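Chemist: quick one: sequence plus predicted model below, questions after.
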Amino acid sequence: MYRKTYARIDGKILEANAKEIIGKYNGFQYYIGVVKNNAYGHGMKVVQNLIKGGINYLAVSSLEEALQVRKYALETPILVLEPVDLEFIDDAINNRITLTIDSLDYIKNLHKIELPYELKIHLKLDTGMNRLGIKNSKEVKDAVKIIRKNDKLVLEGIYTHFATTGVQDFYYDRQLENFKNLTKEIDLSSIPMVHLDRSLTLVTHEKIAFATGVRLGISLFGFSGSRKKGSGIKATLRNIKRNLYLKKHHISSTYLENSLQLKTAFSLYSNVISIRKVEKGEIVGYNASYKVKEQGYIATIPVGYADGITKEFGFVTIRKKKYKIVADAMDMIMVLVDDTIKIKDKVEIFGDTISINEVKNRLNTNAQHLFTKITTRVPRVHVEGKEEIEIKY
């Protein structure tokens, strides 16, 4: 790489995460790895590690993403979670991509097309999120009838998406009940893949009896969703209040904590390209955003907001010591350092010493947003043991 700014992705960690989740939640036939947005920013190559870990289906947002994944997963089925424009149906069929059916009109139009080969499809039901899906039981029944009449359409799956974890609210239970009502006029047992849960509902609820699959997203990338109940008077009062709320609204049993042992595989690095001595009262960065308080040194690092990094990240680590980011630009950040720092020193933005949790808490965001914030301008270096592969996007 020309610019020494890169994300390091440890494939063995992702493989281990998949094995850990599947080992502890082993009641499903289908473990669907959700690898939207370049696998949550990790790079699509990681699907190979996830498959080694036991993932036997993949899911993406768009046909474009599906075709990217197909380069790394030649045999594993891929589901597109958004409806694909039927203008491009041949591309889906030729690459063995599974489509989502999100409306009765969509399936009617698909039925009119003379398909050259079989096409696997999943019905999406809207149980209360009001984003995509059929939300009328008669339309569900009619859609299934149309599919059964077409010998080229294979109804492989049916699914919905939970809007919340249901730990502090009744929406999970309401959506589950809606799913049952929407499917009451069809034979659900005749559909191989029934998938409702996502990472954070999987670990907070009992397994849904009729579910044969689960969609795994952020958990694969190192976040278990486990919440500590805490101790002391405040924690005890919170738990009492929560239990009263659950009882009042007849909310099903939920779990705050789980025993998953997961790790993050994503770390971000750069290096020092410039060091300059600054005097008290001098300014640093655009808009004179930082005024030097006392004589010191400013190190310039070649990573900026075009890469997803701003001064709100707070600190970087150089030579195992934390230094404050005082200004940012599109392509660079400026860091207040001391005279021990040298040009070409390696800089950690997050990784071993500055954890992802520390950064996301400082930014008041979640891991999904943090990972995908790092743009594809930053090369991903995939590591498996001693092997390192740089991938540019």
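Modeler: That came through fine.

Chemist: show me the shaky parts of the chain.
Modeler: Scanning the chain for pLDDT under 70 picks out 229-231, 235.

Chemist: please, where are all the strands along the stretch 51-200 of the chain?
Modeler: Secondary structure of the stretch 51-200 of the chain (DSSP state E, counting those that start in this stretch): strands at 57-60, 78-80, 97-101, 119-124, 153-159, 193-195.

Chemist: winner for burial among those?
Modeler: Neighbour counts (mean count of other Cβ atoms under 10 Å) averaged over each of those peak at strand 57-60, with a mean of 26. Bear in mind the C-beta positions are built from the backbone N, C-alpha and C, glycine included.

Chemist: that strand packs against which elements?
Modeler: Judged by 3 or more Cβ pairs under 8 Å, 6 or more residues apart in numbering; DSSP states H and E, strand 57-60 is in contact with strand 30-34, helix 63-70, strand 78-80.

Chemist: reformat those as a markdown table; add distance to Lys4.
Modeler: What follows is these, written out as a markdown table (distance: least, Cβ to Cβ, whole Å):
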| stretch | distance to Lys4 |
| --- | --- |
| strand 30-34 | 31 |
| helix 63-70 | 26 |
| strand 78-80 | 34 |
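
Chemist: quick one: classify Val383 as helix, strand or coil.
Modeler: Under the three-state scheme (DSSP: H, G, I helix; E, B strand; the rest coil), Val383 adopts strand.

Chemist: do I have it right that it meets Arg8?
Modeler: Yes. Counting by Cβ atoms under 8 Å, Val383 does reach Arg8; the two are 6.1 Å apart.

Chemist: name the nearest residue to Ala18, ignoring sequence neighbours.
Modeler: Distances taken as Cβ to Cβ, 6 or more residues apart in numbering put Gly53 closest to Ala18, at 2.7 Å, once the chain neighbours are dropped.

Chemist: my guess is that neighbour contacts Ile13. True?
Modeler: No. Applying Cβ under 8 Å as the test, Gly53 and Ile13 come out as separate, 9.9 Å apart.

Chemist: the two: who's more crowded?
Modeler: Applying other Cβ atoms under 10 Å to Gly53 and Ile13 shows that Gly53 carries more neighbours, namely 23 against 20.

Chemist: what are the phi and psi values at that one?
Modeler: Dihedral angles of Gly53 (phi, psi; degrees, to the nearest 10) stand at phi -80, psi -10.

Chemist: give the contact list for the residue nearest to Ser219 when sequence neighbours are not counted.
Modeler: Nearest residue to Ser219, sequence neighbours excluded (Cβ to Cβ, 6+ apart): Ser199, at 3.8 Å. By Cβ atoms under 8 Å, 6 or more residues apart in numbering, the contact set of Ser199 is Arg215, Leu216, Gly217, Ile218, Ser219, Leu220, Phe223, Gly225.

Chemist: wait, isn't the fourth one in contact with Ala367?
Modeler: Yes. In this structure, Ile218 is within contact of Ala367 by Cβ under 8 Å, at 5.9 Å.

Chemist: who touches both of those two?
Modeler: Tyr40.

Chemist: tell me how far Leu196 lies from Asn94.
Modeler: Separation of Leu196 from Asn94 (Cβ to Cβ, to the nearest Å): 30 Å.

Chemist: the two: which has the busier surroundings?
Modeler: More crowded of Leu196 and Asn94, by other Cβ under 10 Å: Leu196, with 24 against 10.
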